[in-house]
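Visitor: for reference, the sequence and a predicted model appear below.
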Amino acid sequence: MDKPSYSIILFDGVCNLCNGSVNFIIDHDKKNRFKFTSLQSEKGQELLKKHNLNLELESIILVENEKTYQKSDAALRISKKLNFPIPLLYVAIIIPRLIRDQIYNYIAKNRYKWFGKSDSCRMPTPELKAKFI
């Protein structure tokens with residue numbers, strides 16, 4: 001079976017910060033390296049089960065070549081594949097994961113309070129529908 005030519009990003013579909021991040025990634029992914037699905041969707045739940053991840057996970061997940069990355073590792077790996085100058089953010093990988101993930105967890109814990117949440121998952125426009133699985 002051929003490996004897909006894209007990586008999959010699972011995100012919190014009701015989180016305004018997460019939806020904003022998806023919009024940012026779409027705008028800066030000119031080579032179409034990513035496809036998206038929400039953690040709450042049927043496909044998102046299938047992927048979580050397939051990779052033995054917590055179904056209640058509160059993290060961005062990157063699935064790349066059947067390997068999963070979470071939290072700051074996922075965010076940095078995503079940034080590495082976007083249009084210049086965004087890949088320069090990948091230099092933060094030198095910061096120990098423990099510290100990076102503490103910052104990630106603090107933002108994740110407060111994301112609804114700071115950015116709000118939607119009543120439903122994001123529905124893409126027809127032209128963006130191909131970016132979602």
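Guide: Cool, got the structure. Numbering: from 1, shown residues only.
Visitor: what residues are up against the closest residue in space to residue 80 that isn't next to it in sequence?
Guide: Leaving aside its sequence neighbours, residue 80 sits nearest to residue 90 (Cβ to Cβ, 6 or more residues apart in numbering; 4.4 Å). Using the backbone N, CA and C atoms, a C-beta is placed for each residue, glycine as well. For residue 90, the contacting residues are 76-77, 79-80, by Cβ atoms under 8 Å, 6 or more residues apart in numbering.
Visitor: most neighbours among these, which one?
Guide: Highest neighbour count within the contacts of residue 90, by other Cβ atoms under 10 Å: residue 76, with 20 neighbours.
Visitor: and the gap between the residue nearest to residue 80 and residue 84?
Guide: From residue 90 across to residue 84, the span is 11 Å (Cβ to Cβ, to the nearest Å).
Visitor: wait, residue 41 touches residue 13, no?
Guide: Yes - the pair residue 41 / residue 13 is scored as a contact, 6.8 Å apart, by Cβ atoms under 8 Å.
Visitor: so those two - more neighbours on which side?
Guide: residue 13 (21 against 16).
Visitor: specify the local secondary structure of that one.
Guide: At residue 13, secondary structure determined by DSSP: H, G, I helix; E, B strand; the rest coil is coil.
Visitor: residue 46 now?
Guide: The three-state assignment at residue 46 reads helix, by three-state DSSP.
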